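**Student:** Make a model of this:
(chains A and B)
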Amino acid sequence: MSELTLKTIAELRDGFRSGEFTAREVAEAYNDAVASARTLNAYTVETPEDALAAADAADQARGSGEIGALAGIPLGIKDLFATRGVDSTAGSRILTGFKPPYESTVTANLRRAGAGMLGKLNMDEFAMGSSNETSAYGPVLSPWRRRGSNVGLTPGGSSGGSSAAVAAHIAAGATGTDTGGSIRQPAAFTGISGIKPTYGRCSRWGVVAFASSLDQAGPMAKTVRDCAILLEAMAGFDPKDSTSLDLPVPQWEANLSSDLRGKRVGIPKEYRIEGVPGDINALWDRGIEWLKDAGATPVEISLPHTKYALPTYYIIAPAEASSNLARYDGVRYGLRDTPEGGNLDAMYCATRADGFGAEVKRRIMIGTYVLSAGFYDAYFTKAQKVRALIKDDFRKAFEQCDVILTPTAPSAAFGIGETTDPLAMYLNDVFAVPASLAGLPAMSVPGGLDGQGLPLGLHLIGNELDEQTVLNAGLAIEERAGFSARPEKWW
Amino acid sequence: MPPSGLAAIRRRIMSVTNEQVRHIARLARIAMSDEELERLVPELNNILDWVEQLGEVNTDGVEPLTAVIDQKLRLRDDVVNDGNIRDDILLNAPEAQHGFFAVPKVIE
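**Tutor:** Next comes the predicted model:
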């Protein structure tokens, strides 16, 4: 493993600018690392020439005064983002071979800032999953293992390729997307940081749609500072996304500060739930102490509708998904399966039967049911009303506090194949989903290891548009947790 | 608390049946074997039983959420800002003929 791949994005940026190393050296080190880590199944496509081209452009531009914020930084891109001329399949068989003739706004923004692409990252099919096991490419293996065990663990999901790649040092940083925890839970499982910004900060244009009222892109990286750097490059108003926020992008990195004096940290009593391992609640308590040490004042808050967030999510997200995924019809792109002598309708049914995996079918079925005649009000409208109450819980909470601290996930990483019940899998996102339903910025930062040597994350939820306080509290935790554990290389 | 619409409907139908699941699969245009349908019935019922707990929440007078972050939908000028990219659009078609998407017979 090259020393270059151990560096943070901030260190790579500064070292490249000062001439300590070239961007090409960085790209080559990463390309080698990617090629030597195929056992992890983190990448679905490798694009070493793309990373080298961006590096060469960065090396040529160096000293010209016109180098981008991410010049010479090689990134992994979740397969949910459309990348021009490169397979973009959302981890699904139904998009086999799809090479978009256009680039998503978020990846275009990253390229404009000078970043190169190492490849596309594996993920749960259409971002529906919490373990990467629903991918048509097979599961990603986490670089982490339980102490003294060689059982293959999940890197979380749906952004599992992203989390594994950053944790295994085969990407300096990665894009993720988060619909109900898909950046934060995998970040927690792999000992890295990840932030989902306020809904509307990052354009959804060119990001394969799952549940449009919830989907948000965000960065995953080694440190809080790296997340701030990446998010600044990814975010920004885009007229091509009707829900894009027409606001300037704040200078999140320049305004990073772990001085939390005057800040109140809300501790929601409803997040103390049964069945959560003692290690996780103990880490939560340590997190409170760390934020106190940084100058913040803890306050107990109540988010009374917390227990209804997951069932609300599992009406709204499948409903939106069933509608969004209607476009996969075998006509315009991707897979087509026509039974012998079959008509158009038979082609639709066969294509979708063949192209979608079991979890995606399950959610399309749930979504179709809750939107069908006679059930729409009882399920979908009811869920949107409860969602309004959940949003209102947060609005009231932020009258009493500036940021909320909770655990990220109710467990550490589990083994591939260990969780087979869909409902048990959904519970992974119990702490992550409420912030998604409310459109709020939220972040996971590593806090420590559990008794088996696996990373655990702490979760920070901020008020609308206040990514800065989330990042600052994340930085305060990062400085105090001193999390430096790395998975031992076995791959 | 008066019985919510959701609880009332769920009580009426009790649980989704094999026939209903077949109908949903039909609406969703997903071909399914009898074995697949049979496997899905209890799975969907488990999930629907679980989401039914929303019936406990009093939502009288609550407006359903429509925009998660308060914002107005923008209007843009009514002008063409894209186009003449037919070949790009057809690039990924499973079958394209004479500049069109080609599909199996629609009318018997």
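
**Student:** which one in the chain is furthest away from the centre?
**Tutor:** No chain specified, so I'll use chain A. residue A:341 (43.3 Å; C-alpha atoms, centre = their mean).

**Student:** Chain B is the one I meant
**Tutor:** Counting by C-alpha atoms, centre = their mean, residue B:98 ends up farthest from the centre of chain B, with a distance of 32.9 Å.

**Student:** Can you tell me how far the residue farthest from the centre of chain A is from chain B?
**Tutor:** Separation of residue A:341 from chain B (C-beta to the nearest C-beta, to the nearest Å): 9 Å. The way it works is simple: take the backbone N, C-alpha and C, and place the C-beta from them, glycine included.

**Student:** sec struct for that residue, please.
**Tutor:** Secondary structure, DSSP: H, G, I helix; E, B strand; the rest coil: residue A:341 is coil.

**Student:** So what does it have for phi and psi?
**Tutor:** Phi and psi for residue A:341, reported as degrees, to the nearest 10, are phi 70, psi 10.

**Student:** Do you know the pLDDT at it?
**Tutor:** Residue A:341 carries a pLDDT value of 91.

**Student:** In contact with it, which residues?
**Tutor:** Not one residue lies near residue A:341 by C-beta atoms under 8 Å, 6 or more residues apart in numbering or on different chains.

**Student:** do you know how far it is from residue B:31?
**Tutor:** 15 Å (C-beta to C-beta, to the nearest Å).

**Student:** now residue A:197
**Tutor:** In terms of C-beta to C-beta, residue A:197 sits 40 Å off from residue B:31.

**Student:** Please identify which of the two sits among more neighbours.
**Tutor:** residue A:197 (29 against 18; other C-beta atoms under 10 Å in any protein chain shown).

**Student:** Quick check: pLDDT value at the more buried one.
**Tutor:** 98.

**Student:** got it, and the one 10 residues further on?
**Tutor:** At residue A:207, the predicted lDDT confidence score is 98.

**Student:** and it, how many neighbours?
**Tutor:** Considering only other C-beta under 10 Å, residue A:207 is surrounded by 26 other residues.

**Student:** and residue A:175, what does it touch?
**Tutor:** Applying C-beta under 8 Å, 6+ apart, the residues near residue A:175 are A:75-78, A:81, A:106-107, A:110, A:121, A:162, A:217-220, A:230, A:234.

**Student:** Where neighbours are concerned, which of those has the most?
**Tutor:** residue A:162 (40 neighbours).

**Student:** Find the nearest non-adjacent residue to that residue, please.
**Tutor:** residue A:174 (3.8 Å; C-beta to C-beta, 6 or more residues apart in numbering or on different chains).

**Student:** Looks to me like the one you found is in a strand.
**Tutor:** Yes: the assignment for residue A:174 by three-state DSSP puts it in a strand.

**Student:** so how far does stretch A:428-442 reach from one end to the other?
**Tutor:** 16 Å (C-alpha to C-alpha, to the nearest Å).

**Student:** Run the chain-centre distance for that stretch.
**Tutor:** 12 Å (C-alpha atoms, centre = their mean, to the nearest Å).

**Student:** how much space between the residue nearest the centre of chain B and chain A?
**Tutor:** Nearest residue to the geometric centre of chain B (C-alpha atoms, centre = their mean): residue B:28, 7.3 Å. Distance, residue B:28 to chain A, by C-beta to the nearest C-beta: 4 Å.

**Student:** I'd like to know which residues of the stretch 151-300 of chain A are adjacent to chain B.
**Tutor:** A:198, A:199, A:200, A:213, A:214, A:239, A:242, A:243, A:245, A:246 (C-beta under 8 Å from any C-beta of the partner chain).

**Student:** top helix in chain B by residue count?
**Tutor:** helix B:34-51 (DSSP state H).

**Student:** how about the helix or strand that that helix is followed by: buried residues?
**Tutor:** Downstream of helix B:34-51, the next assigned helix or strand under DSSP states H and E is helix B:86-90. Buried residues in helix B:86-90, counted by 16 or more other C-beta atoms under 10 Å in any protein chain shown: residue B:90.

**Student:** what's helix B:86-90 in contact with?
**Tutor:** A:101, A:102, A:332, B:96, B:99, B:100, B:101.

**Student:** thinking the last one is in contact with residue A:331, fair?
**Tutor:** Yes: counting by C-beta atoms under 8 Å, residue B:101 touches residue A:331, with 5.3 Å between them.

**Student:** shared neighbours, these two?
**Tutor:** residue B:93.

**Student:** neighbour count winner among these two?
**Tutor:** Shown here are residue B:101 and residue A:331; by other C-beta under 10 Å, residue A:331 has more neighbours (19 against 14).

**Student:** and the next element down the chain from the helix or strand of chain B with the lowest mean pLDDT?
**Tutor:** Across the helices and strands of chain B, mean pLDDT, DSSP states H and E gives its lowest value to helix B:5-13, namely a mean of 53. Remark: after helix B:5-13, the chain's next helix or strand is helix B:18-27, criterion DSSP H and E.

**Student:** Tell me how far that next one lies from the chain's centre.
**Tutor:** Chain-centre distance of helix B:18-27: 13 Å, with C-alpha atoms, centre = their mean.

**Student:** Check the offset of stretch A:411-422 from the chain's centre.
**Tutor:** For stretch A:411-422, the distance to the chain centre is 18 Å (C-alpha atoms, centre = their mean).

**Student:** Now that stretch: buried residues?
**Tutor:** Buried residues in stretch A:411-422 (16+ other C-beta under 10 Å): A:411, A:412, A:413, A:414, A:416, A:419, A:422.

**Student:** from what I can see the residue nearest to the centre of chain B touches residue A:369, true?
**Tutor:** No: look at residue B:28 against residue A:369 with C-beta under 8 Å: they stay out of range, at 9.0 Å.

**Student:** the helices in the stretch 101-250 of chain A, which residues?
**Tutor:** A:105-112, A:160-167, A:184-190, A:224-234 (DSSP state H, counting those that start in this stretch).

**Student:** quick one, the last one and helix A:160-167 angle?
**Tutor:** Just to be clear, that refers to helix A:224-234. Angle of helix A:224-234 versus helix A:160-167, following axes from the mean of the first three to the mean of the last three C-alpha atoms, to 10 degrees, is 130 degrees.

**Student:** Right, I'll call it a day here.
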